[in-house]
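[1] Here is my input, please return the structure:
(2 chains)
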Amino acid sequence: MAEKLVENITAMDEDFAQWYTDIVKKAELIDYSSVKGCMIIKPAGYAIWENIQQELDRRFKATGVENVYMPLFIPESLLQQEKDHVEGFAPEVAWVTQGGLEPLTERLCVRPTSETLFCDLYKNDVHSYRDLPKIYNQWCSVVRWEKTTRPFLRSREFLWQEGHTIHATAKEASERTIQMLNVYADFCKEVLAIPTIRGRKTDKEKFAGAIETYTIEAMMHDGKALQSGTSHNFGDGFAKAFGIEFTDKDNKLHTPFQTSWGVSTRIIGAIIMVHGDSEGLVLPPKIAPTQVVIIPIQQKKEGVLEKAGELKEMLKDFRVKIDDSDKSPGYKFSEQEMRGFPIRVEIGPKDIAEGKCVVVRRDTREKHTVDIGELPGFVEKLLETIHNDMYERAKAHLEACIYDATDYEEFKKIIDEKPGFVRAMWCGDVECEDQIKADTTATSRCMPFDDTSRISDVCVCCKKPAKHLVYWGKAY
RNA sequence: CGAAGCGUAGCCCAGUUUGGCAGGGCGCUUGAUUUGGGAUCAAGAGGUCGCAGGUUCAAAUCCUGUCGCUUCGACCA
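    All right, here's what the predicted structure looks like:
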């Protein structure tokens, strides 16, 4: 297991950033384009995104979501209607100033997110309690003019979904916010085999214009956190700023309440950095574009390709591919591993004579000899086992990366020496967050839902009475 | 936006110090032999040396400018 089978992938512990870039390129997920920070998502990468979309969309619709599509452009005057929002996004907005040969009278913002467009729509469509709620979502790309870019993790244009809902009551909006966060956390666990920490963001870290931002935070191999999905409760702030009102059953005008929530192609970066290894990508079975690759051995010998075809037919309930290219078997094995396909089936004259085939799982590289007749059942069970094992390994890593600190010197030492989350109490003042960030570069990741322990009575930084338990850490 | 590094065939790179025929490996194409962990041999195709000026008999190489990419910071999903 220690030997390195695939050349040209930088070792993970040697240079994690380079390892990540190598995988992204070698697995042919993306290519760089002629515009900085804009990536070409190639078939292998886009197929993963399509599977993510499918799984998420199904879960959204089960909660009553309807899909819409909003325009790419936002007039400057519209963007500026909510003060915190525009201030938050201004530094990274791309502008269109010319149409055809003429300058525009009002410049247009390329959407960095679509809150303002949805508000504009709701203003027209929402007049009565009978118009509520509206539970909308769109799949689209957005543009944020980032200075430093990395494939999937931070690109200037990225694909995502943004859900936008509007409700008659604050309670309904707040419930929707949590509901969607739970959809995300569940999706990460059940589909991507990624455990996450659910929690609330501090005021400093929350979305521009939100009253509360909730997050799921995942732990990467290198001990850095990745915010993998967010859900925002806007209260009635946006509605007030945009003048959205409705007449309720009491025959009086009321302001409605809104939410938004999103997951982006960034999550593909999480898949790479949570599950990948020194041989390449390791894809969770449920979103792997190819779940089983059949590799014929001595494929020119009579009957081998035919048998491979029979196996493929037997496995038609799964996403299966035969690699009948004229590369050597060793090449194909490495290729499968680099691309992260969960299961490989080897079939050659030797196996055919015995009525067996060899099944190898990507995540552990464990080999099984299986009777051909039992292959479909074996594969079904193995895909499930792989998913569960991947989740358990990721969970064990996450848990091994959580440290406690009650003393500030200790806190700084842990952040400096041990990659991961540090659990520490916080007084609630932004001054302490700023101090911690200045001293350590770590930020508050979240105030967790599922961890109510109170490890100290005072703030780790200022020693004033503690209000919240916070997970701190370095993040992507 | 700060700091560093890099632009030569699809990819990785040598050549630049000291100007003198455009090179190597991988990949690609064709054929043969191969096939249980990145096969071997033979033949072949592939170049605006990032771009623009300048110096020179002569520029990938020297000078000036410019564009782009990567990484690390600050900012952000």
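[2] drop to CA atoms for contacts and neighbour counts, all remaining ones
    Will do.
[3] what helix or strand does A:E175 sit in?
    Using DSSP states H and E, A:E175 sits in helix A:170-190.
[4] Also A:Q336?
    A:Q336 belongs to helix A:329-339 when assigned by DSSP H and E.
[5] List the buried residues of that helix.
    A:P329, A:K332, A:F333, A:S334, A:E335, A:Q336, A:E337, A:M338, A:R339 (16 or more other C-alpha atoms under 10 Å).
[6] Any residues of the stretch 101-250 of chain A in contact with RNA strand B? List them.
    A:143-144, A:146-150, A:152-158, A:205-207, A:227 (C-alpha under 7 Å from any atom of the strand).
[7] Relative to A:G243, how far out is the residue nearest in space to the middle of chain A?
    Here the mean C-alpha position of chain A is nearest to the C-alpha of A:I267 (C-alpha atoms, centre = their mean), at a distance of 2.1 Å. Look at A:I267 and A:G243: by C-alpha to C-alpha, to the nearest Å, they are 35 Å apart.
[8] helix, strand or coil for A:P112?
    coil (DSSP: H, G, I helix; E, B strand; the rest coil).
[9] That one touches A:V143, doesn't it?
    Yes: the pair A:P112 and A:V143 qualifies as a contact (C-alpha atoms under 8 Å) at a distance of 4.9 Å.
[10] shared neighbours of those two, anything?
    A:V93 (C-alpha atoms under 8 Å, 6 or more residues apart in numbering).
[11] Does the lengthiest helix in chain A pack against any helices or strands, and if so which?
    If you go by DSSP state H, chain A has its longest helix at helix A:375-400. Of the remaining helices and strands, those touching helix A:375-400 by 3 or more C-alpha pairs under 8 Å, 6 or more residues apart in numbering; DSSP states H and E are strand A:212-219, helix A:266-275.
[12] quick one, helices of chain A?
    Under DSSP H, chain A gives helices at A:16-26, A:43-62, A:76-79, A:83-89, A:115-125, A:170-190, A:237-242, A:266-275, A:304-314, A:329-339, A:349-354, A:375-400, A:408-417, A:430-440.
[13] Columns mean pLDDT on top of these, output as a markdown table?
    Shown next, in a markdown table, are the helices of chain A (pLDDT from 0 to 100):
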| stretch | mean pLDDT |
| --- | --- |
| helix A:16-26 | 86 |
| helix A:43-62 | 96 |
| helix A:76-79 | 92 |
| helix A:83-89 | 88 |
| helix A:115-125 | 96 |
| helix A:170-190 | 98 |
| helix A:237-242 | 96 |
| helix A:266-275 | 95 |
| helix A:304-314 | 97 |
| helix A:329-339 | 93 |
| helix A:349-354 | 96 |
| helix A:375-400 | 98 |
| helix A:408-417 | 92 |
| helix A:430-440 | 92 |
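[14] what's the closest of the ones you listed to A:D450?
    helix A:170-190 (12.0 Å; C-alpha to C-alpha).
[15] buried stuff in the closest one?
    So for helix A:170-190, counting by 16+ other C-alpha under 10 Å, buried means A:170, A:173-174, A:176-178, A:180-182, A:184-190.
[16] same deal with stretch A:370-384?
    Under 16+ other C-alpha under 10 Å, the buried positions of stretch A:370-384 are A:V370, A:I372, A:L375, A:P376, A:V379, A:L382, A:L383.
[17] nearest residue to the second one other than its sequence neighbours?
    When you say that, I think you mean A:I372. A:K356 (4.9 Å; C-alpha to C-alpha, 6 or more residues apart in numbering).
[18] Test of understanding: give the bridge partners of the one you found.
    Beta bridges link A:K356 to A:D371, judged by DSSP bridges.
[19] now it: how far from A:K61?
    In terms of C-alpha to C-alpha, A:K356 sits 43 Å off from A:K61.
[20] higher neighbour count, these two?
    Ranked by neighbour count (other C-alpha atoms under 10 Å), A:K356 and A:K61 place A:K356 first, with 20 against 14.
[21] Now do the same contact list for the residue nearest to A:Y32 when sequence neighbours are not counted.
    Once flanking residues are discounted, A:Y32 sits nearest to A:M39: 4.9 Å by C-alpha to C-alpha, 6+ apart. Taking C-alpha under 8 Å, 6+ apart as the criterion, A:M39 is in contact with A:I30, A:D31, A:Y32, A:S33, A:P151, A:S155, A:E157.
[22] What separation do you get for A:M39 and RNA strand B?
    From A:M39 across to RNA strand B, the span is 8 Å (C-alpha to the nearest atom of the strand, to the nearest Å).
[23] residues contacting the residue nearest to A:K83 when sequence neighbours are not counted?
    Spatial nearest neighbour of A:K83, excluding adjacent residues (C-alpha to C-alpha, 6+ apart): A:G209 at 7.8 Å. By C-alpha under 8 Å, 6+ apart, the residues touching A:G209 are A:E82, A:K83, A:D84, A:H85, A:F234, A:G237, A:F238.
[24] my read: A:V470 touches A:R445, true?
    Yes: here A:V470 reaches A:R445: they are 7.3 Å apart, a contact under C-alpha under 8 Å.
[25] Just name the most buried of the helices and strands packed on helix A:375-400.
    Greatest average neighbour count among those goes to strand A:212-219 (a mean of 26), per mean count of other C-alpha atoms under 10 Å.
[26] helices and strands around that one, which ones?
    So strand A:212-219, by 3+ C-alpha pairs under 8 Å, 6+ apart, packs with helix A:170-190, strand A:197-200, strand A:225-235, helix A:375-400, strand A:443-448.
[27] go with 7 Å
    Counting contacts by 3 or more C-alpha pairs under 7 Å, 6 or more residues apart in numbering; DSSP states H and E, strand A:212-219 packs against strand A:197-200, strand A:225-235.
[28] so it versus strand A:443-448, what angle?
    Following axes from the mean of the first three to the mean of the last three C-alpha atoms, to 10 degrees, one obtains 110 degrees for the angle between strand A:212-219 and strand A:443-448.
[29] could you give the mean pLDDT of strand A:212-219?
    In this model, strand A:212-219 has a mean pLDDT of 97.
[30] follow-up on the earlier one: okay, the residue nearest to A:K83: pLDDT?
    Looking at A:G209, its pLDDT reads 92.
[31] now swap in A:L469 and tell me
    A:L469 carries a pLDDT score of 97 in this model.
[32] tell me the contacts of it?
    Contacts of A:L469 were listed using C-alpha atoms under 7 Å, 6 or more residues apart in numbering, and they are A:R423, A:A424, A:M425, A:W426, A:M447, A:R454.
[33] okay, now the closest residue to RNA strand B within the stretch 1-150 of chain A: neighbour count?
    Relative to RNA strand B, the nearest point of the stretch 1-150 of chain A is A:K36 (2.3 Å; C-alpha to the nearest atom of the strand). For A:K36, the count of nearby residues is 15 (other C-alpha under 10 Å).
[34] cool, A:A438 as well?
    So A:A438, with other C-alpha under 10 Å, has 11 neighbours.
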